[in-house]
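Got a sequence here, can you model it:
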Amino acid sequence: MFKSIGFIGGGRVARIILSGLERKKKWPGKVIVSDANADILKNLKKRFPKIEAAGGDLKKPAAADVVFFALPPPAIMGILGEMKPKLRRDAIVVSLAPKVSISRISGGLDGFSRIIRMIPNAPSVVNNGFNPLAFSAAFSKDEKKKLRTWFKILGDCPEVAEEKLEAYAIITAMGPTYFWFQLYELEELGKTFGMTPKEVKESLAKMMQGALKTMTDSGLTPSDVMDLIPVKPLGEDEANIRNTYRTKLQGLYSKLKG
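So this is what the prediction gives:
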């Protein structure tokens, strides 16, 4: 669909998206990446030899069909002035950060309106991400449909209200971090109990799929679901874990919305 893609920022998020495109053999004709950190670009180029590394020059990726802002929120507003001269009026800007609104990006680009915000999800690396999108008013219904079809290379990409993107950042974008360390710990324990690496991985994957399906499809209340298993080895720690979720994540959400 796109002949060229530009990335402003070559860190984790760029690596995730490029991995998803490569895995599905949907690599565009040209990928240009800029980053002020030479080591980050060197590592990305090593992983993806086909990319064009633009160093700290923002103008080269800014001239692509689609320009991804793969930067943290504080850095986005600072790059817009340098991008304006090269950004094509028919291009698409995709911001991958929470907090910075479409209207603020548009204002920093002198009214450029073809802007999408996406909250990226790490499982996009295996084309199984959940990447909610918010479109500016500049896109027609047909354009949005075509763009969502392209983004589905990375996984699910529902269109959501822009004001909900920060909630998705907490719940889905950061969501894997709440569980991965526990699952890796279970994996190691399973090996010490005599299970093979393959047996542990397969059983954990099936267990998580079934646990989620029970939560979403059983029709049971939360208390009924959690009562299905009588032995709860971590039961005495649940109150502290719940409190950690409520205090830390609520605080982070307030910061993103502030």
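
Now name the helix or strand holding residue 243.
Residue 243 belongs to helix 238-244 when assigned by DSSP states H and E.

buried set for whatever helix or strand comes next after that helix?
Using DSSP H and E, the helix or strand that directly follows helix 238-244 along the chain is helix 250-257. For helix 250-257, burial by neighbour count (16 or more other CB atoms under 10 Å) applies to 253, 256. Quick note: C-beta positions are derived from backbone N, CA and C, even for glycine.

Now do helix 250-257: everything it contacts.
Residues outside helix 250-257 that contact it (CB atoms under 8 Å, 6 or more residues apart in numbering): 73, 98, 99, 166, 167, 169, 170.

Can you give me the end-to-end span of stretch 107-121?
27 Å (CA to CA, to the nearest Å).

If you could redo that for stretch 157-167, that was the one I meant.
Terminal residues of stretch 157-167 lie 15 Å apart, using CA to CA.

same check, this time on stretch 58-73
17 Å.

pLDDT of that stretch, averaged?
On average, the pLDDT along stretch 58-73 is 95.

What are the buried residues along that stretch?
For stretch 58-73, burial by neighbour count (16+ other CB under 10 Å) applies to 58-71.

same check, this time on stretch 17-24
Neighbour count says stretch 17-24 has 17, 18, 19, 20, 21 buried, by 16+ other CB under 10 Å.

Could you export these as CSV, including pLDDT and secondary structure?
Listed next are those as CSV, based on pLDDT from 0 to 100; DSSP: H, G, I helix; E, B strand; the rest coil:
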residue, pLDDT, secondary structure
17, 98, helix
18, 98, helix
19, 98, helix
20, 98, helix
21, 97, helix
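
now the contacts of helix 250-257: which count as buried?
Neighbour counting by 16+ other CB under 10 Å classes 98, 99, 166, 167, 169, 170 among the contacts of helix 250-257 as buried.

Now do the contacts for the third one.
Yep, that's residue 166 we're talking about. Shown in contact with residue 166 (CB under 8 Å, 6+ apart): 98, 99, 253, 256, 257.

could you measure the third one against residue 118, distance?
Pointing back at residue 253 there. 18 Å (CB to CB, to the nearest Å).
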